[in-house]
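A.B. asks: got a predicted structure here, sequence first:
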Amino acid sequence: MVNAFLRNNKAVAGLLTIIRLYLGYFWLTSGIGKITGGFEVTGFLQGAISKATGDHPAVQTWWATFLEYVALPHHELFATLVMWGEVLVGIGLILGLFTNLAALGGIMMNFSFLLSGTTSTNPQMVILTIFLIVAGANAGRYGVDRWMMPYMRKRWQNRKGHKKLAPAV
(Lines give C-alpha, C1' and ligand atoms only; values in the text may rest on other atoms or scores of the structure.)
Protein backbone atom coordinates (compact mmCIF):
# COMPACT_ATOMS: atom_id res chain seq x y z
CA MET A 1 0.00 0.00 0.00
CA VAL A 2 2.76 2.45 0.94
CA ASN A 3 4.80 1.32 -2.04
CA ALA A 4 1.90 2.00 -4.43
CA PHE A 5 1.39 5.39 -2.79
CA LEU A 6 5.05 6.33 -3.34
CA ARG A 7 5.03 5.04 -6.91
CA ASN A 8 1.75 6.52 -8.17
CA ASN A 9 0.66 9.61 -6.23
CA LYS A 10 1.21 12.94 -8.02
CA ALA A 11 1.45 14.91 -4.77
CA VAL A 12 4.17 12.51 -3.60
CA ALA A 13 5.90 13.10 -6.96
CA GLY A 14 6.01 16.80 -6.08
CA LEU A 15 7.59 16.04 -2.69
CA LEU A 16 10.04 13.65 -4.35
CA THR A 17 10.98 16.43 -6.77
CA ILE A 18 11.92 18.66 -3.82
CA ILE A 19 13.99 15.83 -2.32
CA ARG A 20 15.55 15.16 -5.72
CA LEU A 21 16.48 18.82 -6.19
CA TYR A 22 17.94 19.05 -2.68
CA LEU A 23 20.08 15.94 -3.13
CA GLY A 24 21.03 16.92 -6.67
CA TYR A 25 22.18 20.37 -5.58
CA PHE A 26 24.26 18.84 -2.79
CA TRP A 27 25.91 16.32 -5.13
CA LEU A 28 26.51 18.83 -7.93
CA THR A 29 28.05 21.52 -5.72
CA SER A 30 30.20 18.95 -3.91
CA GLY A 31 31.46 17.54 -7.19
CA ILE A 32 32.16 20.94 -8.74
CA GLY A 33 33.98 21.97 -5.57
CA LYS A 34 36.19 18.90 -5.85
CA ILE A 35 36.87 19.42 -9.57
CA THR A 36 37.76 23.11 -9.18
CA GLY A 37 39.50 22.78 -5.82
CA GLY A 38 42.06 20.10 -6.56
CA PHE A 39 40.69 16.94 -4.97
CA GLU A 40 42.96 14.24 -3.57
CA VAL A 41 41.76 11.05 -1.83
CA THR A 42 45.01 9.62 -0.48
CA GLY A 43 44.65 11.17 2.98
CA PHE A 44 41.00 10.14 3.22
CA LEU A 45 41.82 6.56 2.23
CA GLN A 46 44.72 6.32 4.67
CA GLY A 47 42.52 7.73 7.44
CA ALA A 48 39.80 5.17 6.68
CA ILE A 49 42.32 2.33 6.69
CA SER A 50 43.65 3.48 10.06
CA LYS A 51 40.11 3.28 11.54
CA ALA A 52 40.05 -0.50 10.99
CA THR A 53 41.91 -1.33 14.19
CA GLY A 54 41.03 -1.62 17.85
CA ASP A 55 38.21 -3.27 19.78
CA HIS A 56 35.43 -1.38 17.99
CA PRO A 57 36.75 -0.35 14.57
CA ALA A 58 34.81 2.30 12.64
CA VAL A 59 35.85 0.59 9.39
CA GLN A 60 35.43 -3.12 8.82
CA THR A 61 38.53 -5.14 7.97
CA TRP A 62 37.21 -6.31 4.60
CA TRP A 63 36.52 -2.72 3.52
CA ALA A 64 39.91 -1.51 4.78
CA THR A 65 41.54 -4.31 2.77
CA PHE A 66 39.71 -3.13 -0.36
CA LEU A 67 40.78 0.46 0.30
CA GLU A 68 44.40 -0.50 0.97
CA TYR A 69 44.93 -2.89 -1.93
CA VAL A 70 42.58 -1.55 -4.60
CA ALA A 71 41.60 2.08 -3.96
CA LEU A 72 44.86 3.44 -2.53
CA PRO A 73 47.12 2.14 -5.34
CA HIS A 74 44.67 3.63 -7.84
CA HIS A 75 43.86 6.80 -5.89
CA GLU A 76 43.86 9.03 -8.99
CA LEU A 77 41.20 6.87 -10.64
CA PHE A 78 39.09 6.86 -7.48
CA ALA A 79 39.41 10.64 -7.11
CA THR A 80 38.22 11.07 -10.69
CA LEU A 81 35.33 8.64 -10.16
CA VAL A 82 34.21 10.48 -7.02
CA MET A 83 34.46 13.98 -8.53
CA TRP A 84 32.68 13.20 -11.78
CA GLY A 85 30.31 10.73 -10.11
CA GLU A 86 29.10 13.49 -7.80
CA VAL A 87 28.64 15.90 -10.70
CA LEU A 88 26.76 13.36 -12.84
CA VAL A 89 24.56 12.23 -9.95
CA GLY A 90 23.78 15.88 -9.22
CA ILE A 91 22.88 16.67 -12.83
CA GLY A 92 20.76 13.53 -13.13
CA LEU A 93 18.82 14.30 -9.95
CA ILE A 94 18.33 17.99 -10.69
CA LEU A 95 17.09 17.35 -14.22
CA GLY A 96 15.17 14.23 -13.26
CA LEU A 97 17.10 12.42 -16.00
CA PHE A 98 17.68 8.71 -15.40
CA THR A 99 16.61 9.52 -11.84
CA ASN A 100 16.79 5.98 -10.48
CA LEU A 101 20.24 5.38 -11.97
CA ALA A 102 21.47 8.68 -10.52
CA ALA A 103 19.96 7.84 -7.13
CA LEU A 104 21.60 4.42 -7.21
CA GLY A 105 24.98 5.99 -8.00
CA GLY A 106 24.50 8.49 -5.18
CA ILE A 107 23.54 5.90 -2.60
CA MET A 108 26.52 3.75 -3.59
CA MET A 109 28.84 6.71 -2.94
CA ASN A 110 27.06 7.45 0.36
CA PHE A 111 27.54 3.88 1.52
CA SER A 112 31.19 3.94 0.42
CA PHE A 113 31.75 7.03 2.55
CA LEU A 114 29.87 5.48 5.49
CA LEU A 115 31.84 2.24 5.19
CA SER A 116 34.99 4.38 5.30
CA GLY A 117 34.02 5.74 8.71
CA THR A 118 32.65 9.12 7.62
CA THR A 119 29.21 10.08 8.88
CA SER A 120 28.59 13.76 7.97
CA THR A 121 25.37 14.12 5.92
CA ASN A 122 25.59 10.63 4.44
CA PRO A 123 22.94 8.95 6.66
CA GLN A 124 20.28 11.57 5.86
CA MET A 125 21.18 11.40 2.18
CA VAL A 126 20.81 7.60 2.24
CA ILE A 127 17.36 7.85 3.85
CA LEU A 128 16.16 10.45 1.33
CA THR A 129 17.62 8.49 -1.59
CA ILE A 130 15.83 5.32 -0.49
CA PHE A 131 12.53 7.16 -1.03
CA LEU A 132 13.61 8.09 -4.57
CA ILE A 133 14.62 4.54 -5.40
CA VAL A 134 11.48 2.97 -3.93
CA ALA A 135 9.29 5.51 -5.74
CA GLY A 136 10.72 4.38 -9.07
CA ALA A 137 9.49 6.38 -12.07
CA ASN A 138 7.37 8.64 -9.86
CA ALA A 139 10.59 10.25 -8.58
CA GLY A 140 11.26 11.55 -12.10
CA ARG A 141 7.64 12.36 -12.99
CA TYR A 142 8.35 16.11 -12.86
CA GLY A 143 11.62 15.93 -14.72
CA VAL A 144 13.11 14.87 -18.04
CA ASP A 145 12.28 11.22 -17.24
CA ARG A 146 8.64 12.07 -17.95
CA TRP A 147 9.58 12.08 -21.65
CA MET A 148 12.81 10.10 -21.65
CA MET A 149 11.53 6.88 -20.07
CA PRO A 150 8.65 6.34 -22.57
CA TYR A 151 11.06 7.17 -25.41
CA MET A 152 13.66 4.70 -24.10
CA ARG A 153 11.01 2.03 -23.52
CA LYS A 154 9.73 2.45 -27.08
CA ARG A 155 13.27 2.36 -28.51
CA TRP A 156 14.06 -0.75 -26.51
CA GLN A 157 10.93 -2.55 -27.69
CA ASN A 158 11.31 -1.46 -31.32
CA ARG A 159 15.03 -2.04 -31.71
CA LYS A 160 16.08 -3.91 -34.82
CA GLY A 161 15.99 -7.66 -34.37
CA HIS A 162 13.93 -7.47 -31.18
CA LYS A 163 12.56 -10.90 -30.38
CA LYS A 164 10.12 -11.68 -27.65
CA LEU A 165 11.13 -14.44 -25.34
CA ALA A 166 8.97 -17.53 -25.27
CA PRO A 167 7.11 -17.98 -22.01
CA ALA A 168 8.74 -20.29 -19.50
CA VAL A 169 7.21 -23.73 -19.37
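C.D. replies: Yep, it's here. Numbering: from 1, shown residues only.
A.B. asks: any idea of the mean pLDDT in stretch 52-60?
C.D. replies: Across stretch 52-60, the average pLDDT comes to 94.
A.B. asks: endpoint to endpoint, that stretch covers what distance?
C.D. replies: Start and end residues of stretch 52-60 are separated by 6 Å (Cα to Cα, to the nearest Å).
A.B. asks: and the residue nearest the centre of the chain, what's its pLDDT?
C.D. replies: Nearest residue to the geometric centre of the chain (Cα atoms, centre = their mean): Gly106, 1.7 Å. Looking at Gly106, its pLDDT reads 98.
A.B. asks: my read: it touches Val89, true?
C.D. replies: Yes. Gly106 is in contact with Val89 according to Cβ atoms under 8 Å; the separation is 4.4 Å. Where C-beta positions appear, they are placed from N, C-alpha and C, glycine not excepted.
A.B. asks: quick one: common contacting residues for these two?
C.D. replies: Trp27 (Cβ atoms under 8 Å, 6 or more residues apart in numbering).
A.B. asks: run through the chain and note the low-pLDDT ranges.
C.D. replies: Within the chain, the segments meeting pLDDT under 70 span 160-169.
A.B. asks: in the lengthiest helix in it, what counts as buried?
C.D. replies: The residue-count maximum for a helix in the chain (DSSP state H) belongs to helix 10-37. Burial within helix 10-37, assessed by neighbour count using 16 or more other Cβ atoms under 10 Å, is assigned to 12-13, 16-17, 19-21, 23-24, 26-28, 30-31, 34.
A.B. asks: do the same with stretch 108-119
C.D. replies: Here stretch 108-119 shows 109-110, 112-118 as buried, counting by 16+ other Cβ under 10 Å.
A.B. asks: and the helix or strand hosting Arg7, what other elements does it pack with?
C.D. replies: In this structure, Arg7 sits in helix 2-8 according to DSSP states H and E. Where contact means 3 or more Cβ pairs under 8 Å, 6 or more residues apart in numbering; DSSP states H and E, helix 2-8 is packed against helix 10-37, helix 122-135.
A.B. asks: appreciated, that's everything.
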